[in-house]
Every structure is written in structure tokens, then in C-alpha cells.
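1. Structural data only, the sequence is not supplied:
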């Protein structure tokens, strides 16, 4: 099952890094929650995250240019898995390009279909970033 979770994580990260937003947001359950160090509030569903993303695009011309995942770890807990990794993301806004170094934890839940969907994401700055 570890390979299945890694495949789900790879699908999510590659869609994010390649700007395939429909594929990216489809990797999350509708009721997924999100905690980002860049936003003051917890987001309580994927639709809220997508609306926030759209505001970043509208307000700042936000785009993800690249994303690299390293230091990956999967912890299986029955039908739940915790995936943690280091992530380096290059983004572009009206202010220019920036490379972010962060740590991320994504909790996946196995669906009845066998597919692993993300149900929670927590992002924090990497130590020393």
C-alpha cells in the first residue's frame, strides 16, 4: 500500500507543479481541510481552497512554475496514510519569481474504490527558510 500512497502523492505534486489545477484539486476529498502558514485561517473544504487559489491568481497573477518533493515518508495507519516531505516550489506573481522551501504533511484516506484521496494538508516553512 505504501506504493499506492506514493503514487497518489506523486499525482498530486506533479499536478501542482505543472499547473494542472483540475487534476490537483481532484486529488483532494471535497471535505479536505488545509492549514497553511501563509493564511490566517484553516480552510475547511477543497472548494474554499480553490476559491483562495483563484483570488491569488486574480490579485497577484499567481502561478506555480515548478515543485520538487524530497525526503518523502509514508506512515500507514489502516485506511489512512500520513505522507510527509520537503517541498521546494518556484512561483511567479506580479512581484516576480520566488522559490519557497517548506515542509508538508498530507493525510490520505483510502476510498471504497481503492483510490487514495488527500483529506488534510499542512504546510509550514522549512527550518532556516
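-> Looks like it arrived, so ask away. Keep in mind that what you see is a predicted model, and the values were worked out from it rather than measured.
2. Would you mind checking the average pLDDT for the helix or strand in which residue 54 is found?
-> According to DSSP states H and E, residue 54 maps onto helix 46-60. Averaged across helix 46-60, pLDDT comes to 97.
3. hmm, who's touching that helix?
-> Outside helix 46-60, the residues within contact range by Cβ atoms under 8 Å, 6 or more residues apart in numbering are 21, 25, 28-32, 34, 39, 43, 62-63, 93-95. For glycine as for every other residue, the C-beta is placed from the backbone atoms N, C-alpha and C.
4. where does the protein dip in pLDDT?
-> Where the chain drops to pLDDT under 70, the residues are 129.
5. how about the strands of the protein, start to end?
-> Secondary structure of the chain (DSSP state E): strands at 28-36, 63-77, 80-93, 96-110, 116-125.
6. can you pull the contacts of residue 19?
-> For residue 19, the residues meeting the contact criterion (Cβ under 8 Å, 6+ apart) are 63, 64.
7. right, I mislabeled it, should have said residue 82
-> With contact set as Cβ under 8 Å, 6+ apart, residue 82 has these partners: 74, 75, 105, 106, 107, 108.
8. Number of residues surrounding the first one?
-> Yep, that's residue 74 we're talking about. Number of residues near residue 74 (other Cβ atoms under 10 Å) recorded here: 18.
9. want to throw the strands of the chain into JSON lines with distance to residue 49?
-> Formatted as JSON lines, the entries for these read as follows, by distance: least, Cβ to Cβ, whole Å:
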{"stretch": "strand 28-36", "distance to residue 49": "5"}
{"stretch": "strand 63-77", "distance to residue 49": "14"}
{"stretch": "strand 80-93", "distance to residue 49": "16"}
{"stretch": "strand 96-110", "distance to residue 49": "13"}
{"stretch": "strand 116-125", "distance to residue 49": "8"}
